[in-house]
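[1] any chance you could fold what I've pasted below:
(one chain, ligands or ions: 2)
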Amino acid sequence: MPQPLSTPNLEFLRTLSVLYVEDEEEVRNAMTHFLSRRFARIDVASNGQEGFALFENGRQDVVITDIKMPVMDGLEMSSMIKSIADDVPVIVVTAYNETDYFLRAIEIGVDRFVKKPVNPSELVEAIQKSTQVHMQQKQLEKASLQLLNTLQTAIGALSRAIEKRDPYTDGHQKRVSQIATAIAEEMKLPKAQINGIRLGAMIHDIGKISIPTELLTMPGKLSRIQFELIQTHPQAGADILEGVEFPWPIAQMVLQHHERLNGSGYPKGLKAEQILLEAKIIAVADVVEAMASHRPYRPALGLDVAIAEVKTQRGVLYDAEVVDGCLKVLERQDLRL
Ligand SMILES: [Fe+2]
Ligand SMILES: [Fe+2]
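    Ligands and ions are numbered 1, 2, ... in the order given. Next comes the predicted model:
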């Protein structure tokens, strides 16, 4: 639990690295001595240029700087630091309280001001106040990343379990997930949405668990009835996932991955605007992967045939933007199918 701000949490402060920039040697030495007993690491510079170079290398947790210094002043350095790391707290220590400094500092995004001569406990409190929120946010990000990794591992295990029943499609969902993720990245979708696509694609065929193995591995052409049975897998998958509260519409991605732009897909015959973008991306990745791989009823058609198919059906069966993204990904050839 975070402690009240008025009581500096010394243990927390001891985990931080500090960049301290001050041109007056006497002040700098005294303050460095004071700070080095309270923080994990202190990097010291005597002007803005040196300070920025130290920041580029060290990426300290907090920056404390004087304003008026030779070579480069503290505000110019702060502005450069904020341009490469806008979430790093910058505390300005200054004897100057003129409005123009103040306004410039606000504009740059300086977090706090401490007046010279510095009262050490005031400075420690300022550091704590400006770093605490930042550090809590970092911890929160770390925790949610761990959660995402766990979820990804669990879904990967589920994905492999489904494919154990059908050796011909072993690794299919993983490869579809890799292609779909690469397309989503190529389309510059938000990170969170890409994470959802990665996971949705990993289990897009989860509904095949309800289809007899003999049917999945049957060589030759399927009868109409058999094909209709295979076509139940998106709905079966959505039913399995119903009630699982993912932060992404995974069940809908699974349900819609065989829908096609012109309404010729299944199970609902949805049209372009009714289909989730995530499902449109998984659809293209699915087709490309399936065509490029061997199936019990036919040998692999190869990547060229897959590319020709999505190009011909661009804007007809498959979303034009998604196809363009996919072609760019395949052109780069950084994906092994
Ligand atoms: Fe499928
Ligand atoms: Fe599939």
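[2] for stretch 166-177, buried residues please.
    Using 16 or more other CB atoms under 10 Å as the test for burial, stretch 166-177 gives D166, T169, H172, Q173, R175, V176, S177. Every residue, glycine included, has its C-beta placed from N, CA and C.
[3] CA atoms only: put it into PDB for me.
    Provided in PDB are the C-alpha atoms of stretch 166-177 (Å, rounded to 0.1, in the frame of the first residue of the first chain):
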ATOM      1  CA  ASP A 166      -6.100 -33.500 -36.000                       C
ATOM      2  CA  PRO A 167      -2.500 -34.000 -36.900                       C
ATOM      3  CA  TYR A 168      -3.000 -32.400 -40.400                       C
ATOM      4  CA  THR A 169      -3.800 -29.000 -38.900                       C
ATOM      5  CA  ASP A 170      -1.200 -29.200 -36.200                       C
ATOM      6  CA  GLY A 171       0.100 -25.600 -35.700                       C
ATOM      7  CA  HIS A 172      -2.600 -24.100 -38.000                       C
ATOM      8  CA  GLN A 173      -4.000 -21.800 -35.400                       C
ATOM      9  CA  LYS A 174      -0.600 -20.600 -34.200                       C
ATOM     10  CA  ARG A 175       0.400 -19.800 -37.700                       C
ATOM     11  CA  VAL A 176      -2.900 -18.000 -38.400                       C
ATOM     12  CA  SER A 177      -2.300 -16.100 -35.200                       C
END
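[4] wondering if it reaches ligand 2 at all.
    No: Stretch 166-177 lies apart from ligand 2 when judged by CB under 5 Å from the ion; the minimum separation is 5.8 Å.
[5] quick check: mean pLDDT across that stretch?
    For stretch 166-177, mean pLDDT is 84.
[6] tell me the one of the buried residues of stretch 166-177 nearest G109?
    Nearest to G109 among the buried residues of stretch 166-177, counting by CB to CB, is S177 at 38.7 Å.
[7] just to check, that closest one is in contact with M202?
    Yes: between S177 and M202 there is a contact under CB atoms under 8 Å: 4.6 Å.
[8] which pair of the buried residues of stretch 166-177 spans the longest distance?
    D166 and S177 (16.8 Å).
[9] please report phi then psi for M218.
    Torsion angles at M218 (phi, psi; degrees, to the nearest 10) stand at phi -70, psi 120.
[10] what distance do you get for it to P249?
    Remark: distance between M218 and P249 (CB to CB, to the nearest Å) = 32 Å.
[11] tell me the phi and psi of A182?
    Dihedral angles for A182 - degrees, to the nearest 10 - are phi -60, psi -40.
[12] got a pLDDT number for it?
    The predicted local confidence for A182 is 96.
[13] joint contacts of S177 and M202?
    Common neighbours of S177 and M202, using CB atoms under 8 Å, 6 or more residues apart in numbering, are S159.
[14] would you mind listing the buried residues in the helix or strand containing L327?
    L327 belongs to helix 320-332 when assigned by DSSP states H and E. Buried residues in helix 320-332, counted by 16+ other CB under 10 Å: E321, V322, V323, D324, G325, C326, L327, V329, L330.
[15] what does stretch 124-133 give?
    V124, E125, A126, I127, Q128, K129, S130, T131, Q132.
[16] pLDDT score assigned to the closest residue to ligand 2 within the stretch 101-250 of the chain?
    Closest contact between the stretch 101-250 of the chain and ligand 2, by CB to the ion, is at D205 (4.4 Å). D205 is assigned 94 on the pLDDT scale.
[17] quick one: residues contacting it.
    So D205 contacts I162, T169, H172, Q173, H233, G237 (CB under 8 Å, 6+ apart).
[18] so of those residues, which ones are in helices?
    I162, H172, Q173, H233, G237 (DSSP state H).
[19] for the residues you listed, which one is nearest R224?
    H233 (16.2 Å).
[20] list, one by one, the residues from the stretch 201-337 of the chain near ligand 2.
    Going by CB under 5 Å from the ion, the residues of the stretch 201-337 of the chain near ligand 2 are D205, D286.
[21] go again with 6 Å.
    H204, D205, D286 (CB under 6 Å from the ion).
[22] picking up where we left off before, distance of the residue of the stretch 101-250 of the chain closest to ligand 2 from G269?
    20 Å.
[23] cool, and I64?
    I64 is 64 Å from G269, by CB to CB.
[24] do I250 as well
    Taken as CB to CB, the span from I250 to G269 is 22 Å.
[25] burial count for E122?
    11 (other CB atoms under 10 Å).
[26] now K164
    9.
[27] what's it sitting at in phi/psi?
    phi -60, psi -30.
[28] same question for K268.
    The phi/psi pair for K268 (degrees, to the nearest 10) is phi -110, psi -10.
[29] heads up, I number from 327, so please use that
    In the new count, where the first residue is 327, that last one comes out as K594.
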